[in-house]
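**Q** what's the 3D shape of this:
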Amino acid sequence: MKWPACAAPGAVAICLSFLVPPWSGAVHASSIAEEPGAERWQGISRIVAVNPTAAEIVCALGACSRLVAVGKGSSYPPGLDLLPSVGFERDLTAEGILALDPDLVLLGADAGPPEVIARLRALEVPIVVVPGEKSLLGAASRVRAVAAAIRCETAGESLAVRLERLQLRSDREAPPAEATDARSVLFLYARGGGSYFVAGQNTAPDELIRLAGGRNACAGFDAYRPLSAESLVGAQPDLILLTRGGLEAVGGEDGLWSLPGMSQIPAGRERAFVALDDLLLLGFGPRVEEAILALRCGLTDSARRGR
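**A** The predicted structure is shown next:
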C-alpha cells in the first residue's frame, strides 16, 4: 500500500486532509442527501441506531435523516449528538426504545441487557444485530448488514468492496510477521480516575497497528490488561496511541508524559503519540482508512524524530 508520508507540526500526528470521504464534514443529521432510489425503502423511516458504528454507516449510505435516535458514543458525523439518545449499548431500556416507535433497531453484538433485547424481540420490534469483528473484512460485513437492513444495497456494496480492496492491498504489502524493524506502538486506554489499560492481541487497536505497518508493543497477551510502570518500561514503545477522550482523561499531553515510566521509553523521550477520535480509532467503520493513514503518519514521524 502506498501510504503518504507526512510529519505533523507537533506530537499529535493527525494526517487526514488527503482523504476526505464523501460523507465527512459538519452536518446536521437530517442534511445528508438520500441515496438515489430511496423511495424503495420508504417503509423504514424511523431507525434507532444503538450501535455508534452502525449509526455512522447509516449516514455514510445516505440515510442519516432516517435516524430518530442513537446510542451513547455516536459522534460522527457531527450533528448526531443532537438526536435523542437511548443510552449506552450495554445498558438499554425497552421503554426508551419503544417510545420512539422504531421501524428498525440496529444493535451491536454486545448490546443488552439480554432481557431487554428479548422483550423487544417478543414485541416484534425489527432488530438487526451488526457484526462486531474489528477488521477491514468485519467493517465490510457491517456495511453490508446495515445496507441490507435499510435497503441501500447499491451504496453499501460500493463501500464494502472498497474496504475489501483495502484489506487485499494491506495483506499484500504488509511486512513479514517475523520482521523486527517495524516501529512499536502501545495503545493506552484511559478511563479516568487513574485507571489505565493497554491493548494486547485480538483487539481493535492491535489490528489497526498491524494495518498501519507497526508492531504492537503489547503483543504477548490477548485483550486488555492494566498498565503499570514496569510493563510500560518493558514494552519500550516508539509511539503511544490513544483516543482523544483518553488523552483528556489522562490530563492532556502534560498528564500523558507525567505518567510513571514515560521518561524511560522512546515514545516518552520523543513525545511521540497519536490521538484519534474514539469512534474513528475503535469503531472500524466507514472511516477506518483515515485511522490507518493517521497512525501511519505518526509512525513515519516518530521514525524520523527517532533517528
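
**Q** what about the helices in the stretch 151-300 of the chain?
**A** Listed in chain order, the helices of the stretch 151-300 of the chain (DSSP state H, counting those that start in this stretch) span 153-173, 204-211, 229-235, 244-249, 252-257, 266-270, 278-282, 288-306.

**Q** Can you lay out those as TSV showing distance to residue 89, mean pLDDT and mean neighbour count?
**A** (Glycine included, C-beta is placed from N, CA and C.) Below are those laid out as TSV (distance: least, Cβ to Cβ, whole Å; pLDDT from 0 to 100; neighbours: other Cβ atoms under 10 Å):
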stretch	distance to residue 89	mean pLDDT	mean neighbour count
helix 153-173	22	89	16
helix 204-211	15	94	24
helix 229-235	30	94	16
helix 244-249	16	94	19
helix 252-257	28	95	14
helix 266-270	32	95	19
helix 278-282	12	94	21
helix 288-306	19	83	22
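
**Q** Can I get those helices in a markdown table including distance to residue 81?
**A** Output for the helices of the stretch 151-300 of the chain, formatted as a markdown table (distance: least, Cβ to Cβ, whole Å):
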| stretch | distance to residue 81 |
| --- | --- |
| helix 153-173 | 23 |
| helix 204-211 | 22 |
| helix 229-235 | 34 |
| helix 244-249 | 14 |
| helix 252-257 | 22 |
| helix 266-270 | 32 |
| helix 278-282 | 12 |
| helix 288-306 | 20 |
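
**Q** For residue 151, the count of nearby residues, please.
**A** If you count neighbours by other Cβ atoms under 10 Å, residue 151 ends up with 18.

**Q** pretty sure it contacts residue 44?
**A** Yes - the criterion here is Cβ atoms under 8 Å, and residue 151 meets it with residue 44 at 6.7 Å.

**Q** quick one on the thing from earlier: ok, which of the helices of the stretch 151-300 of the chain comes nearest residue 189?
**A** Minimum separation from residue 189 across these (Cβ to Cβ) falls at helix 244-249, 6.0 Å.

**Q** Packing partners of the closest one?
**A** strand 184-190, strand 273-276, helix 278-282 (3 or more Cβ pairs under 8 Å, 6 or more residues apart in numbering; DSSP states H and E).

**Q** Please put the alpha-carbon coordinates of that helix into PDB.
**A** Listed next in PDB are the C-alpha coordinates belonging to helix 244-249 (Å, rounded to 0.1, in the frame of the first residue of the first chain):
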ATOM      1  CA  ARG A 244      -8.900  11.800  22.200                       C
ATOM      2  CA  GLY A 245     -11.200  11.000  25.100                       C
ATOM      3  CA  GLY A 246      -8.400   9.000  26.700                       C
ATOM      4  CA  LEU A 247      -6.000  11.900  26.200                       C
ATOM      5  CA  GLU A 248      -8.400  14.200  28.000                       C
ATOM      6  CA  ALA A 249      -8.900  11.600  30.800                       C
END
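
**Q** how much distance is there from it to the middle of the chain?
**A** The chain centroid and the centroid of helix 244-249 are separated by 15 Å under Cα atoms, centre = their mean, to the nearest Å.

**Q** Kindly report the same for stretch 153-167.
**A** On Cα atoms, centre = their mean, the centre of stretch 153-167 falls 17 Å from the chain's centre.

**Q** Please parse this structure into its domains.
**A** Following automatic domain parsing, one finds the domains of the chain at 38-166, 184-306.

**Q** Number of residues surrounding the closest residue in space to residue 240 that isn't next to it in sequence?
**A** If the residues on either side of it in the chain are set aside, residue 240 comes closest to residue 273, at 4.0 Å by Cβ to Cβ, 6 or more residues apart in numbering. Counted with other Cβ under 10 Å, residues neighbouring residue 273 total 25.
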